[in-house]
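K.L.:
fold the following, please.
(2 chains)
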Amino acid sequence: MEPGSAKRRKTGHSRGESAVGNIDAAASSGLSRGRAFILEAEELLDEVKLDYATALEGVDSLLHKIKGSIEAIETHDALQIAEAATKLEKKHKIQIPFPEPRPSKESNYKVAFAKPSQFNVVGSYVSKTMIKAQKSHAVDMVVVMPGETLQEKDYLDLRYFYKRAYFLGVVAASLQKHLAEDGELSYEYLNGNPLSPILSLKPKVEGEKKEGRLDYRVRIIPCAPDNFFPKSKLHLGATLVRKAGGEDKAATKPTPFYNSTVISESCFFPYLKLLRQTEKKCAAFKKACILGRVWLQQRGLGSDMADGGFGHFEWTVLLALLLQSGDNTRGHAPLSTSLSATQLFKAMIQFLAVTNLSEKPCVLGTATVETETAGPVLFDAARGLNVAFKMSNWSAGKLHQHARWTRNLLNDSTADQFTPTFILKADLPWQNYDLIAHLKYDAKQDRTQPTDCRGRVWEYSDKAYRVLKRALQDEELGERARSIHIQLPKSSSWELTKKPSTKQNHTVEIGVLFNAANMTRAVDRGPAAGPSNEEKEECAKFQRFWGEKSELRRFEGDSIRETLIWSSTSAFDLCEEIMRYILKLHLRVGYLEDELTFHGDGFTELIPIKTTDTSVFNAARKAFSSFEKDIRNLDDMPLHVRQIAPICPELRHASVKVPFSTVSKSGPRPLECVISFEASGKWPESIVAIQRTKIAFLRMIGDLLERSKPGEVRSYVGLESSTTTNTELENLAYLDIVYESGPAFRLRIHSDLEEALLTRQSHDKTIDQHHRHQASVLLSNFRRLYYHLPLHTQSINTFATRFPALSPTIRLLKHWFSSHKLSSHFSPEFIELVALQVFLCPYPWDKPSSPSVGLLRALLFLSRWDWRSEALIVDTNGDMPSAERSAISTRLEAWRKIDPLMNHTVLFVATAQESSGVAYTTVNGVAQPSKVVAARMTALAKTACRVIREEGVELDARRLFVPSTKEYDVLFHLSSKALKSVAGEDPLPLPLSPIDTFFEKLEAIYGSGSSAPLVFFRGGEDEKVVGAIWNPTLGKRAFKVNLGTSYKPVGAAGVSGKKRKGGDEDGEETENEGEVMVEVNRDAILSEIARIGGEVLERVEAQRE
Amino acid sequence: MAPSPPTIGEFSVLPISIPPVPSFPRNVVHYLYVRRNAPKIPTANDSRSLFLANVPVDSTELHLRALFASLVGAGRFESASFEEERKEAEAVAAALDAAPAQAVRLLAAHGKKRKREDQEAAERAEEEAAARLPSTWTRPLRKSGSTAVVLLADEKSVQQVLKAIAKVHKSKKYPKWGGEGNVVAERVPQLGSIWLKAHNQLSYPDRDQLQAAVDAFSTMFARREREAAEIAKRLRNEPDEDGFVTVTRGGRTAPATRNEAEEAKKKMMDKAEKKKQEMTDFYRFQMRERKKLEQEELVKRFEEDRVKLDAMRQKRGKFVPEA
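P.N.:
All right, here's what the predicted structure looks like:
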């Protein structure tokens, strides 16, 4: 039996897996899922580990020095606060960081200074859970204010905080005197909490900075003795800050934040103890904490109030509490201490994914918590502290959402779980939110009274959040937004001699993540207006919130409802309209020009994407089905029609331009389809003959159609302009059917016998290699046209319905490719699959709900895709077995082994229907794109992602689409006039657009593989400049017949040298003794192209020789 | 520009000066490589023909005629055949000819060549020409760097041409492409937009013309198929020199189609597969062995993961969280 079963120990609570500590055990017990995840996480832990000795060099001596100098401070007896403060400020020329409102002159609180009762170092420095990649590194030193200087009553009305600030001022004055040469001193708020200023010391570095040494700082945190304040008085519902305004007590609101801050002041040691205990009990605890720290950091979550108030400390406390035994129902802890680090991490994610702290208070231990205090609650009963007191409703939502997304990822065994969880930076605004609004906050305009002590901006934002949540996330109306997030400005440190910044103007950033299905709704149906009291109340409530926008309307089924009618059409505009309206109504913002600005719709204007586009695409589909019906209704068809399948982007919601958009005199753009018939023995048993028979067949279909719909339909048999040499074996013709009403279709016939014959030929050992290869190339072309394209069209169509943002994302991405003149190298199917992948495998986020987010994530994917060693596997069915995945990867490896230089296979893209991986990335047996072009795509995507990262919210969408022509060796300027004249007067559909015809012919002449002298780069049809690069691999070489392109002899002087037979010293010539070298005759080639192009080419510009 | 060497190997280098074009106003020199024609299978005209390598992509017979006229005077040039044309003609002929491929192969296997009378060959060529589809281009282009064979009036002309080429190098007066003043350009179909426009129209050929080509093909194909069937039938009854009778597909009446044969094979394989499946997990040892294999597979996969991880570690930076 399994050797691992003996080792199986007690099962973990949250997951059913066996508790396995190390990797070897994992291997032997056959723990297969997430195996790689465990290994990679171990590797990550190694990688981020900090070498404390070098990184925080000299910190211990510094801490001792600080301690010594604080202990040396003279004590003094109680003085009037105002008097003491002025004395101190005058004497040392510093400011005391009193919290707002500052103590009044006449207040008779007394402050004293005595030697601190205790010093200690706490936080991640002692638990050794700091990591390299942290934003800033700090060593926390707590200084306990002696009990005799405090009174129990001090928890009231900020009194404690005034004393604390005075204490800090004294310490600051002393340190400034004694440690001025050791480093820079400044004040900052502990985690952005305006009640608790602290002192931070940034040590000076003497001489050369050593490698690996970090720019750390020491934070000196004054605090109260353990359990100094009575917890019973400090419960979340208590009102402890009374207004000076003399309002009566009953009316004032509770101050949960203030209360929690007071408790937290005396909790440093209890938590230190808790964490030390847990560390001892659970071996993997520290590692799990580091993993948690990385995860939180990549999502922009941190202990700072502006970062959401849930950081590493909160993570460790929560994990420690979950590992604690005792208080739970059956007497044992929710998590077992024998779990491994990754298991603990996963358990935490699971916990955070199922608990939304802002919706349901989470109590660990036994305690009753006032639930009406709105705000996230994570209550530690043993210490009486709401650990989540710094969090806001939106940050709790963000945490919950990210945890859910990560859980989805960890449950998806097929995706790469590690990279999105820990490596990817997941907090860039544009990859997260569909709309970002900037709300300018001006304290002068704000007349509301602050109730708690979080600061006025915070309270203002909270109000805005509540209004927006009700407006956009109303479940009755149908949730419009999946999440709303508010980013507050961060507090910064300030000098000792200054007061904390009292900036009046702040910009609050509001991010909205759409629910794509509901955001486009233009009519909101509110509660029904009925006679009952309940209904009346509902309506009144609705009216109160929505104001005059709400009106009564009658709907079908005779229901009369409160209704909101919005005038915009697109999701973005609707959201903007609603936000502007509701914020104006409830917060009185938006009257001024730039008070409220919206960002995020820059992308849709580029193509442009309109809300009506979907219906145009649907109209094209409808036209296709009526065409299909027309064909099926034909009476005299010799064979029964099995299927008519569309194969073009217009019929799968994926073309940059909507169908029927170009009404040019060159006739409509034909929509391509393939037709297949019932199996028949009548097809001749020869490919050549089949192709000819198809022509006759097409002609007949055309005739029959024209006869059945006289005057409505015209048909033309067109000949394919072949690019390969074996013309007779390929499909020779197509049928163009033009309806007088507008749409045009292009039909090709599928004959199954053709495939059988090609398969046979490609395996036939009796014919020579060259012909066999030809047959296999033709076979893959055949399969793409008649099997893969119809299936691909069908699946993209389905997904476009399922994901409303997919179609515009595809179109934007295609536009990006063509803006950068790459579209001729990439098949449209490839681009569509890349866009689809972003939806099917959206980790670490959820699937995009707007085109801009879709595009940016697709670019992120392209920039990170290591196509040299990874296949792109698009699981279109959603249930691809892992065996098939590994088979695909193996196939890629095999290709790379056969063809390490990637001359034949470059990008490898497999789907559930098409597992060969090359159907969309090879054309006529040549890799498309080639390695050079694929590398250019990656480079461009990387640049784009860098721009996105650097520009942040201010990103100008157009910047991503600006092509650069600098890199090209040659530029071909096309004459639009001449191109127009090519189209001619005859309103026939064009076989191809003139530019395509021209350049495809050029590629046929000069070759398109790795041996082509010129690589052309062209974008869409409207592009007037085509770039080209000389193939760098075609250098000097020996002359022979059929070099494949135009060559000129070089080095005439060398000719005589060569005749001397080896008497030459020249290195280059000794290599190729006796041969004259030739090189590509670039000018001659350009001249040839100019002659072929005639007036179509306005100018051929050689940028580099 | 550095002077070009007069010869490369057995080729004489013939520089051609190409007049500037409005969109690319530069004087350009194109190099043609010329030698006496010596194909692997000699023909009667080899002595009076020249082999040209690296012909310009827009070459026509008129272009070459003008070129040789400027070298050795008019009247020496007879005709030119381009690589593309030869290849295409061969490919088409092969494709059309290979139609009843089976018959041809049978004959080849049997050591017999179809003997064709001259008259018959001419007839076939005519037939093939009729069956060919109309071209969609008014003027063909040559593949870059391709070759051509030029037939001159007599052996002496070949000598003269080679001498003239040598002289060109000394005098530095390169012959002009398209003749003096580019006179040829007016006599050949124009390229550029007119050429592209014509292509658009030619892509939709006349229906009757198309039908005629298809009809001609089907008659030809039907006849050849009949011939092939007859040959196959005959071969079945005819022993070869060693006294063996070739076994051909099909019964006494008609040869079976390939399709039927393949279907039958597939059916047989399916049957075998089904039988095999019935026998798995029949005995306990089979089950045990399978489980053992699965376990081995797991260990193997784990090892693979570790190897992959090592590979990832090679690419430094994979494990560092992005900033």
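K.L.:
going forward, measure contacts and count neighbours with C-alpha atoms only.
P.N.:
Will do.
K.L.:
per-residue pLDDT of A:Ala347, please?
P.N.:
For A:Ala347, the pLDDT comes out at 94.
K.L.:
tally up the residues packed near it, please.
P.N.:
A count of nearby residues for A:Ala347, using other C-alpha atoms under 10 Å in any protein chain shown, gives 22.
K.L.:
now A:Ala82
P.N.:
By the measure other C-alpha under 10 Å, the count of residues near A:Ala82 is 17.
K.L.:
who touches the host helix or strand of it?
P.N.:
A:Ala82 is located in helix A:81-92, with elements delineated by DSSP states H and E. When contacts are defined by C-alpha atoms under 8 Å, 6 or more residues apart in numbering or on different chains, helix A:81-92 is touched by residues A:94-96, A:103-111, A:166, A:169-170, A:173.
K.L.:
the host helix or strand of B:Thr219 near chain A anywhere?
P.N.:
Under the criterion of DSSP H and E, B:Thr219 resides in helix B:207-237. Yes: Helix B:207-237 is in contact with chain A by C-alpha under 8 Å from any C-alpha of the partner chain, via B:Arg207, B:Gln211, B:Val214, B:Phe217, B:Ser218, B:Phe221.
K.L.:
same list (these) but as TSV, adding neighbour count and pLDDT.
P.N.:
As requested, the residues of helix B:207-237 next to chain A are exported to TSV (neighbours: other C-alpha atoms under 10 Å in any protein chain shown; pLDDT from 0 to 100):
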residue	neighbour count	pLDDT
B:Arg207	13	86
B:Gln211	17	90
B:Val214	23	89
B:Phe217	24	87
B:Ser218	17	88
B:Phe221	21	84
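K.L.:
for the helix holding A:Ala82, give the mean pLDDT please.
P.N.:
The average pLDDT for helix A:81-92 rounds to 87.
K.L.:
which strands and helices lie in contact with the helix or strand just after it?
P.N.:
Next in sequence after helix A:81-92, counting helices and strands by DSSP H and E, comes strand A:110-113. Other helices and strands packing on strand A:110-113, by 3 or more C-alpha pairs under 8 Å, 6 or more residues apart in numbering or on different chains; DSSP states H and E, are strand A:76-80, helix A:81-92, helix A:159-178.
K.L.:
of these, which approaches A:Glu672 most closely?
P.N.:
helix A:159-178 (75.4 Å; C-alpha to C-alpha).
K.L.:
got the buried residues for that closest one?
P.N.:
Neighbour counts over helix A:159-178 (16 or more other C-alpha atoms under 10 Å in any protein chain shown) mark A:159-176 as buried.
K.L.:
please state the offset of that helix from the chain centre?
P.N.:
Offset of helix A:159-178 from its chain centre (C-alpha atoms, centre = their mean, to the nearest Å): 45 Å.
K.L.:
what's the answer for stretch A:342-360, then?
P.N.:
Using C-alpha atoms, centre = their mean, the offset of stretch A:342-360 from its chain centre is 22 Å.
K.L.:
tell me the helix or strand right after the strand or helix carrying A:Ala934.
P.N.:
Using DSSP H and E, A:Ala934 maps to helix A:931-951. Using DSSP H and E, the helix or strand that directly follows helix A:931-951 along the chain is strand A:970-974.
K.L.:
can you list the strands that that next one pairs with?
P.N.:
Under the criterion DSSP bridges, strand A:970-974 sits next to strand A:1025-1030 (antiparallel), strand A:1097-1102 (antiparallel) in its sheet.
K.L.:
I'd like these written out as TSV, with mean neighbour count added.
P.N.:
Listed next are the strands paired with strand A:970-974 as TSV, based on neighbours: other C-alpha atoms under 10 Å in any protein chain shown:
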stretch	mean neighbour count
strand A:1025-1030	20
strand A:1097-1102	20
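K.L.:
between the residues of helix B:207-237 next to chain A, which is nearest chain A?
P.N.:
Here the nearest of the residues of helix B:207-237 next to chain A to chain A, counting by C-alpha to the nearest C-alpha, is B:Val214; it sits at 6.0 Å.
K.L.:
got the contact list for the closest one?
P.N.:
A:Arg692, A:Thr693, A:Ile695, A:Ala696, B:Ala131, B:Leu133.
K.L.:
which of those fall within strands?
P.N.:
Using DSSP state E, no member of the contacts of B:Val214 falls in strands.
K.L.:
now the residues you listed as TSV including distance to A:Glu181?
P.N.:
Formatted as TSV, these follow (distance: C-alpha to C-alpha, whole Å):
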residue	distance to A:Glu181
A:Arg692	93
A:Thr693	94
A:Ile695	92
A:Ala696	96
B:Ala131	98
B:Leu133	93
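K.L.:
out of those residues, which are inside helices?
P.N.:
A:Arg692, A:Thr693, A:Ile695, A:Ala696, B:Ala131 (DSSP state H).
K.L.:
name the SS class of A:Val906, please.
P.N.:
Three-state call for A:Val906 (DSSP: H, G, I helix; E, B strand; the rest coil): coil.
K.L.:
quick check: the residue of the stretch 601-750 of chain A nearest chain B.
P.N.:
For the stretch 601-750 of chain A, C-alpha to the nearest C-alpha, closest residue to chain B: A:Gly718, 4.4 Å.
K.L.:
was I right about that residue contacting A:Leu735?
P.N.:
Yes: counting by C-alpha atoms under 8 Å, A:Leu735 is a contact partner of A:Gly718 at 6.0 Å.
K.L.:
who has more neighbours out of the two?
P.N.:
Neighbour count, other C-alpha under 10 Å: between A:Gly718 and A:Leu735, A:Gly718 has more, with 28 against 23.
K.L.:
that one looks like it's in a strand, true?
P.N.:
Yes: under three-state DSSP, A:Gly718 falls within a strand.
K.L.:
hey, what's it bridged with?
P.N.:
Going by DSSP bridges, A:Gly718 forms beta bridges with A:Tyr734.
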